[in-house]
Every structure is written in structure tokens, then in C-alpha cells.
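Participant: only geometry, no sequence info:
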Ligand SMILES: O=P(O)(O)OC[C@H]1O[C@H](O)[C@H](O)[C@@H](O)[C@@H]1O
């Protein structure tokens with residue numbers, strides 16, 4: 001049955017004063033996306049919230065929102081001269097027409113193009129589109145980037161991450177499988193290695209993996225999620241602040257680290273170079289695994 005157009009296009013609502021668009025499916029799944037940062041703030045699938053949004057997140061229309069799926073662009077972390085994780089998560093995006101694909105019931109596309117606020121720190125001409133596609137038990141977030149400069153302007157580079165905060169019952173008992181054998185860099189110890197077995201968490205964790213060819217699975221008590229990403233995003237970052245760092249982050253409650261696990265589809269070890277007119281795209285897809293898990 002064709003979805004109701006009102007359902008497929010989403011409806012406008014506000015969260016803490018920020019304009020958001022809600023996507024829904026006929027099965028009752030939903031996603032809430034803020035125009036600020038084009039940030040997915042909620043994904044409910046099978047009656048369960050799957051993303052972590054901090055109860056202390058700041059919704060002032062300027063700051064990055066702690067939780068959901070922030071987009072790091074055009075710089076990941078502090079690997080360059082721009083503000084940490086770039087500026088895309090701090091700016092308002094605008095809605096444009098979305099193309100739906102596959103088994104999608106509902107999709108939304110938001111766009112950010114260069115303007116004074118971006119050119120003051122990054123002179124490049126660009127268009128970035130973030131497409132959020134909601135299916136039955138699945139959420140896909142795709143970033144498309146285009147160098148909109150003229151032919152006589154130069155190529156430019158960027159790094160990026162879909163910085164997904166997954167909600168978990170207890171990070172101390174959660175496991176990630178699918179990274180076994182992947183090369184990794186431990187950002188805390190500045191040490192390289194190869195992952196052996198499942199990834200588990202007993203404190204602060206911040207590692208950049210070479211992304212696996214297959215899926216990553218999150219095992220969270222009785223719940224499971226399959227996480228896949230495009231080959232164009234060749235890194236997977238896994239981050240949890242642990243108790244001590246969490247206590248220093250004003251926009252997380254002291255025990256917030258227990259309920260979140262970031263699994264980020266990223267392109268950071270090698271930046272993407274786009275010549276004028278050249279496009280690029282990358283995506284991450286989350287899919288609920290049938291339970292009991
Ligand atoms: O606090 P934020 O600026 O949102 O960054 C949060 C985290 O993002 C990534 O996961 C990085 O690997 C971490 O090193 C960083 O701490």
C-alpha cells in the first residue's frame with residue numbers, strides 16, 4: 001500500500017523551541033529530525049527509542065546538541081583548524097525535496113550551503129545534503145557533498161562522521177561484534193593495533209577502526225541492532241566517555257555514559273578531495289535485529 005503523503009513527507013513540530021520534522025511509518029516507527037544541524041534526535045522502532053539524547057542537551061540554536069546523530073563536517077574532531085567536528089552541527093539547515101528509495105516509507109532531505117557563517121572559517125563553496133530515510137525497523141542517514149565552486153577555483157578537502165549516539169541499557173554489558181580483525185587506533189593511548197574478538201566497555205573508550213566490509217552488530221541485553229555503512233566511509237569510530245570524562249561534560253548527566261554508545265560512520269584517516277563540480281556521498285544504516293536477541 002502506498003504511504004499516506006502526509007506520513008511520507010513528515011510533519012513539523014518543535015522540541016525545546018527548535019523546529020523539527022517527524023517522520024513516521026504505518027507500523028508506528030518514527031524519527032525526529034531538527035533543522036539545527038540536520039540532527040536526528042530520536043528514532044523509535046518496534047516501540048523502543050534506539051538513540052540516546054542527553055537530558056542535559058542544550059537547545060539554544062547555536063550549540064551542538066548532545067545525542068541523536070550529529071553530523072561532523074567538514075572536519076572530524078580537532079584534526080584541522082576548524083572548530084571541533086566542524087560547523088555543520090552548529091547551523092540551521094533548510095528542507096529541500098527528498099527522493100525516496102528502496103523500502104523507504106518516509107524520507108526527508110535537508111541542505112546546507114556556504115554562507116557568511118561558513119565562509120568566515122572555511123572559504124569553500126559547497127552544498128551538503130543530509131537525507132534521512134525511515135523504513136520498517138530501519139533508519140538510513142546519507143550525506144551528499146558537492147563542490148559548487150567554479151572551474152577556476154581549486155579542489156578542497158573534508159573529513160566527516162555521522163556521530164550516532166545509540167541508546168543502550170548498560171554500556172558495561174553491551175558488546176559490538178563485526179570489528180574482529182579490523183585495524184584500530186586507540187585515541188586515548190595513541191596506540192595502533194588490531195581488534196581481537198568483540199568490543200566491550202569498562203571505562204573511557206575512543207577508538208578509530210578501519211571500517212569492516214560487513215555489518216557491525218550491537219548486542220544490548222535483549223536488543224540487537226545491525227549497523228552498516230557505505231564503502232565511501234572507511235572508518236568506524238567507537239566512543240564512550242566513561243564516568244570521569246562524563247562528569248566533566250556539562251551537557252551529560254553524571255551517569256549518562258551508561259546509557260549511550262557512539263558508533264560513528266566516518267571518513268577521517270584519509271580526507272575526501274573534491275574538485276569543482278565533483279560530488280561525494282556516504283551513509284550509515286541502522287536496522288533492528290529481530291528479538292529476543
Ligand atoms: O564532545 P564532542 O565535541 O561532541 O565530541 C565527542 C567525541 O567525538 C568523537 O567520538 C571523538 O572520537 C571523541 O574524541 C570526542 O570526544
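Facilitator: In hand now; what should we look at? The structure displayed is predicted, hence computed values, not measured ones.

Participant: partners of residue 280 in the sheet?
Facilitator: When bridges are called by DSSP bridges, residue 280 pairs up with residue 145.

Participant: What residues does it make contact with?
Facilitator: 144-146, 232, 272, 274 (C-beta atoms under 8 Å, 6 or more residues apart in numbering). Just so you know, the C-beta spots here come from the backbone N, C-alpha and C atoms, and that holds for glycine as well.

Participant: Of those residues - the most surrounded one?
Facilitator: For these, the largest number of neighbours (other C-beta atoms under 10 Å) sits with residue 145, at 23 neighbours.

Participant: show me where the stretch 1-150 of the chain has helices.
Facilitator: 5-9, 116-119 (DSSP state H, counting those that start in this stretch).

Participant: Can you tell me the SS state at the residue nearest to residue 202 when sequence neighbours are not counted?
Facilitator: By the measure of C-beta to C-beta, 6 or more residues apart in numbering, the closest residue to residue 202 outside its immediate chain neighbours is residue 172, 6.7 Å from it. Under DSSP: H, G, I helix; E, B strand; the rest coil, the three-state class of residue 172 is helix.

Participant: Tell me how many other residues crowd residue 172.
Facilitator: Using other C-beta under 10 Å, residue 172 is surrounded by 13 other residues.

Participant: Confidence-wise, which of the helices of the stretch 1-150 of the chain is weakest overall?
Facilitator: Least confident of the helices of the stretch 1-150 of the chain, judged by mean pLDDT, is helix 5-9 with a mean of 53.

Participant: Now do the same contact list for residue 132.
Facilitator: Per C-beta under 8 Å, 6+ apart, neighbours of residue 132: 23, 31, 33, 38, 40, 107-110, 139-141.

Participant: Is it bridged to anything, and to what?
Facilitator: residue 108, residue 141.

Participant: hang on, residue 269 packs against residue 234?
Facilitator: Yes. Using C-beta atoms under 8 Å, residue 269 is in contact with residue 234, at 6.9 Å.

Participant: joint contacts of these two?
Facilitator: Joint contacts of residue 269 and residue 234 (C-beta under 8 Å, 6+ apart) are residue 210.

Participant: Which residue is the nearest non-sequential neighbour of the residue in the chain positioned nearest to the ligand?
Facilitator: Nearest residue of the chain to the ligand: residue 239, at 3.2 Å (C-beta to the nearest ligand atom). Distances taken as C-beta to C-beta, 6+ apart put residue 262 closest to residue 239, at 4.1 Å, once the chain neighbours are dropped.

Participant: give me every residue that touches the most centrally placed residue in the chain.
Facilitator: Nearest to the mean C-alpha position of the chain, by C-alpha atoms, centre = their mean, lies residue 162 at 2.8 Å. Contacts of residue 162 were listed using C-beta under 8 Å, 6+ apart, and they are 69, 71-72, 141, 143, 229, 233, 264-266, 282-284.

Participant: low pLDDT regions in the stretch 101-250 of the chain?
Facilitator: Per-residue confidence for the stretch 101-250 of the chain (pLDDT under 70) gives these ranges: 101-105.
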